[in-house]
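1. Got a predicted model here, sequence first, then my questions.
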Amino acid sequence: MNDQVSFSRVCPACGRRVPNKVAACRCGETLEPLADPIDAPSMAAPSAASNGRARGPLVVAGTSVLAAIAGATVFFAMKPSQPAVAAPVAAPAAPAAQVRQQTAPPAQEAEAENAAPLDAESRVRAAFARGVEPATSTPAASTVAGAAPAPVMAVNAAASPLEDVIGRAMPAVVRVEASGGFGSGFFVSPDTIVTNVHVVGGNSSVTIRRPDGTTTPARVDTTAAEFDIAILRISNADPNQPTLAMGSGMQARAGQEVIALGTPLGLQNTVTRGIVSAVRAVNGVTLVQTDAAINPGNSGGPLVDRSGSVIAIATMGMRSAVAQGLSFGVAIEHAQALLSGRRTVATGTPVAGLSQAMTARQGVSESDVAREASTRAYEQVIASTARKADDLDDRWRTFKGACYEGRVAGAFDREWFAFWEQKAMQGAVSPGCGQMFADLRRSAEDVRGTVVSADEAARQAGVYPGRRREILKRYRLDYSGWER
């Protein structure tokens, strides 16, 4: 068997197999010219001399091939993440994110096609030099084209614990202190408080007591007796004042959890809990009925849902031998309309509408219903007159400090009642203040005339004297000298 003649040699710099005719390798290494290059393969049997020349390169070539195969076998067994030796290439390496998906540029592919075939080791080195893993490698799962991403499960946030809801809401709830009593209220913005009309009464200003005991004055900005809602405003509002969000009472559902916050019986920072028993529309007023305890002092406080949003304003609770667990709040939508300058239409008040609805089912006589309506009308007139009386209080204090020399004898709920008491004003009006004194006297006479007329109309309508007296006391207009 004839020996085969080798037509290529191995570059000592990079290990590529290079044709014998090439004087320089692609890596840039200059190759020594062969002493007796072979131009073409010989099919004839070689001579003894040529046979000796051929065997030398053949043995070297065979040894190189075996070494390359062994090296490639070890190389693939180890599977290094990067080649130990990489041949320099003309083009820059591709970014790591694209290494596993790109192919050799067309120019390099054409060059590879024209070059002599490479052995296994050289092919591996060339592949890594181009930034492409050998074909025997398996791409990582994360780089497989079209691989579906892991599913993302939607997670519903758990409801906040009840104590956290209450803890966030409580700093926004205050005690409202008026001349005729006290109740509750809550901040809906740093300078705005919502409460009941029957809490502020006829006062033009009230005192707000926060949960930490600090107080601040507030003026009665807007009232809507038909909804029993009053809006209070404070000056120098604290921008960090906690407030309550307003939800929906009209959309409340029976069985929904509700929490009442307020100052029942003077006990500030008190919480009661229950459910929505029903949502009722009575004479244009939507009422949220609940079994949460609402006691005197809770009036004007918030009824909040499980998220802490206000759904109603606590208005009344009924406690009797035949009525247990009946409490009501005015839907917060009525307060929202009032705050935005809109005023919906209602006939009567929440208390009156509910009383009428309940008594109609208990066989109450028409005269009793008429008497109750007259009582409500009387209270509305007295409440309006009380606001004028509050303004007169301020003017009286100014007059007394600047224009009156002497003392006022006697004890009166409002000191200017002394106008109608003989020997009560034991002093003199300062010179130059006569006109102020006359204006005060005229305003006082207007208040007296309104009270006397309203009281007579209520008497003729059958309003009981005890109810009339109770209403006058509530608004600090109970005075025995009105008829003088």
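-> Yes, it's here.
2. What distance do you get for M436 to G449?
-> Separation of M436 from G449 (CB to CB, to the nearest Å) stands at 21 Å. In short, each C-beta sits where N, CA and C put it, glycine included.
3. Please say which of those two ends up with more neighbours.
-> M436 (17 against 12; other CB atoms under 10 Å).
4. Mind checking the pLDDT average for the helix or strand that one falls within?
-> For M436, the host element (DSSP states H and E) is helix 434-460. For helix 434-460, the mean pLDDT works out to 91.
5. repeat for stretch 339-359
-> 66.
6. which residues of the chain score low on pLDDT?
-> Within the chain, the stretches with pLDDT under 70 are 1-6, 34-159, 318-325, 344-366, 484.
7. Outline the domain layout of it.
-> For the chain, automatic domain parsing gives the domain ranges 8-137, 162-360, 366-474.
8. Of those, which stretch is the most buried?
-> domain 162-360 (a mean of 19; mean count of other CB atoms under 10 Å).
9. Could you point out the helix or strand that follows the helix holding M436?
-> The C-terminal neighbour of helix 434-460 among helices and strands, as given by DSSP H and E, is helix 465-474.
10. Compute the inter-axis angle for that next one and helix 434-460.
-> Between the axes of helix 465-474 and helix 434-460, defined by axes from the mean of the first three to the mean of the last three CA atoms, to 10 degrees, the angle is 150 degrees.
11. List the contacts of helix 465-474.
-> Helix 465-474 has contacts (CB atoms under 8 Å, 6 or more residues apart in numbering) with 180-181, 201, 375, 378-379, 382, 451, 455, 458-459, 478-479.
12. Include distance to E483 when you put the domains of the chain into CSV, please.
-> What follows is the domains of the chain, written out as CSV (distance: least, CB to CB, whole Å):
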stretch, distance to E483
domain 8-137, 97
domain 162-360, 21
domain 366-474, 7
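13. hmm, back to that, which among the contacts of helix 465-474 gets closest to T286?
-> Nearest to T286 out of the contacts of helix 465-474 is E379 (CB to CB; 22.1 Å).
14. Figure out the helix or strand that the closest one lives in.
-> Per DSSP H and E: helix 366-403 holds E379.
15. Who are the packing partners of that helix?
-> helix 350-360, helix 434-460, helix 465-474 (3 or more CB pairs under 8 Å, 6 or more residues apart in numbering; DSSP states H and E).
16. ok now do F412, which residues does it touch?
-> A418, E421, Y479 are the contacts of F412 under CB under 8 Å, 6+ apart.
17. I'd like to know how far it sits from R168.
-> Applying CB to CB, the value for F412 to R168 is 46 Å.
18. what do you get for I259?
-> Taking CB to CB as the measure, I259 and R168 are separated by 12 Å.
19. where do the contact lists of these two overlap?
-> In the contact map built from CB under 8 Å, 6+ apart, no residue is linked to both I259 and R168.
20. Show the backbone phi and psi for the nearest residue to S299 once chain neighbours are set aside.
-> Take S299 and drop its neighbours on the chain: the residue closest to it by CB to CB, 6 or more residues apart in numbering is G183, 4.3 Å away. Main-chain dihedrals, G183, degrees, to the nearest 10: phi -160, psi -150.
21. Just list the residues touching G183, thanks.
-> 175-176, 195-196, 198-199, 262-263, 297-301.
22. Select from those every entry located in helices.
-> Secondary structure from DSSP state H places H198, V199 of those in helices.
23. For V304, name its beta-bridge partners.
-> Beta-bridge partners recorded for V304 (DSSP bridges): I259, V310.
24. Could you measure from the nearest residue to S189 once chain neighbours are set aside over to G308?
-> Excluding the flanking residues, the one nearest S189 by CB to CB, 6+ apart is T243, at 5.7 Å. According to CB to CB, T243 stands 11 Å off from G308.
25. I'd say Q336 and M246 touch.
-> Yes. Counting by CB atoms under 8 Å, Q336 does reach M246; the two are 5.8 Å apart.
26. Quick one: the strands in the stretch 151-300 of the chain, in order.
-> 173-178, 181-189, 192-195, 205-209, 215-224, 229-233, 257-262, 270-282, 285-290 (DSSP state E, counting those that start in this stretch).
27. List the neighbouring strands of the longest one plus their orientation.
-> Each strand pairing with strand 270-282, determined using DSSP bridges, is listed with its direction: strand 257-262 (antiparallel), strand 285-290 (antiparallel).
28. Can you name the residues in contact with it?
-> Contacts with strand 270-282, where a contact means CB under 8 Å, 6+ apart, come from 162, 166, 170, 249-250, 252-264, 286-294, 298, 325-327, 331, 350, 353-354, 356-357.
29. hmm, try it at 7 Å
-> 166, 249-250, 252-264, 286-293, 353-354, 357 (CB atoms under 7 Å, 6 or more residues apart in numbering).
30. Put the alpha carbons of that strand into PDB.
-> Extracted as PDB, the C-alpha positions of strand 270-282 are listed here (Å, rounded to 0.1, in the frame of the first residue of the first chain):
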ATOM      1  CA  THR A 270     -65.400  55.300  70.800                       C
ATOM      2  CA  VAL A 271     -66.100  52.600  68.200                       C
ATOM      3  CA  THR A 272     -69.200  50.400  67.600                       C
ATOM      4  CA  ARG A 273     -69.600  47.800  65.000                       C
ATOM      5  CA  GLY A 274     -72.600  46.300  63.100                       C
ATOM      6  CA  ILE A 275     -74.000  45.700  59.700                       C
ATOM      7  CA  VAL A 276     -76.200  47.600  57.300                       C
ATOM      8  CA  SER A 277     -79.700  46.500  58.000                       C
ATOM      9  CA  ALA A 278     -81.300  48.400  55.100                       C
ATOM     10  CA  VAL A 279     -81.100  51.400  52.900                       C
ATOM     11  CA  ARG A 280     -84.300  53.500  52.900                       C
ATOM     12  CA  ALA A 281     -85.400  56.500  50.900                       C
ATOM     13  CA  VAL A 282     -87.800  58.700  52.900                       C
END
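31. Many thanks, I have nothing further to ask.
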